[in-house]
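Student: Got a sequence here, can you model it:
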Amino acid sequence: MPARILLRSYTAAKIAATWTSEPSPTGNYYSPTGSATDVEKIEDTSLGKMLSEVEADLRDLEPRDPMHRQLSLTILNQFEQLMRMRWKVIEEAHNSISTPFYIVLAFWLVIVFASFGLSAPRNLLSYITIMLGALSIASVIFVILDLDTPFSGLFMVSSQPMRDALAQLSR
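Tutor: Numbering: from 1, shown residues only. Predicted structure coming up:
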């Protein structure tokens, strides 16, 4: 079935384009050229065309009996849901917090912890407590910033569900 082959190629290409630090799936997949940003990798127009071809193939199916008509409707509904989710990921792929906000936040935190240091008693316990507080807030900000870019960084979305789907399509 051409739609299944196209969907398998799309899935393999998406894995290869999104998780570039991991090994690419074996077989026929699209390999993007040049250095693309995360948003460009997610919003690849040639991969979008592949999905449009899959949709056209699905709409061209002509079910012969009521059971196959129902299956066809279910498939089209699931495909429309897939397209909605794809656009949601494309819309949310870029950083949502601006760089000036990061700068203002860092400056504000330096001022707050400097004022703690000035008003705290001069002993080792005070300095350690202030440093641990600053370190814990810095680590929280790091995690928030890293989670803001879901397809890169230390905490990123796993490719395993896509690889499992590719394995199912390859059967």
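
Student: Run through who's touching stretch 115-126.
Tutor: Applying CB atoms under 8 Å, 6 or more residues apart in numbering, the contact partners of stretch 115-126 are Tyr127, Thr129, Ile130, Gly133. Any C-beta I mention is one placed from the backbone N, CA and C, and that applies to glycine too.

Student: got those residues as JSON lines, with pLDDT, distance to Thr26 and neighbour count columns?
Tutor: What follows is the contacts of stretch 115-126, written out as JSON lines (pLDDT from 0 to 100; distance: CB to CB, whole Å; neighbours: other CB atoms under 10 Å):
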{"residue": "Tyr127", "pLDDT": "90", "distance to Thr26": "55", "neighbour count": "13"}
{"residue": "Thr129", "pLDDT": "93", "distance to Thr26": "54", "neighbour count": "13"}
{"residue": "Ile130", "pLDDT": "92", "distance to Thr26": "53", "neighbour count": "15"}
{"residue": "Gly133", "pLDDT": "92", "distance to Thr26": "50", "neighbour count": "13"}
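
Student: which one of these is nearest Met162?
Tutor: Nearest to Met162 among the contacts of stretch 115-126 is Gly133, at 40.0 Å by CB to CB.

Student: Let me have the contacts of stretch 115-126 in a markdown table, adding distance to Phe142 as columns.
Tutor: Formatted as a markdown table, the contacts of stretch 115-126 follow (distance: CB to CB, whole Å):
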| residue | distance to Phe142 |
| --- | --- |
| Tyr127 | 22 |
| Thr129 | 20 |
| Ile130 | 19 |
| Gly133 | 15 |
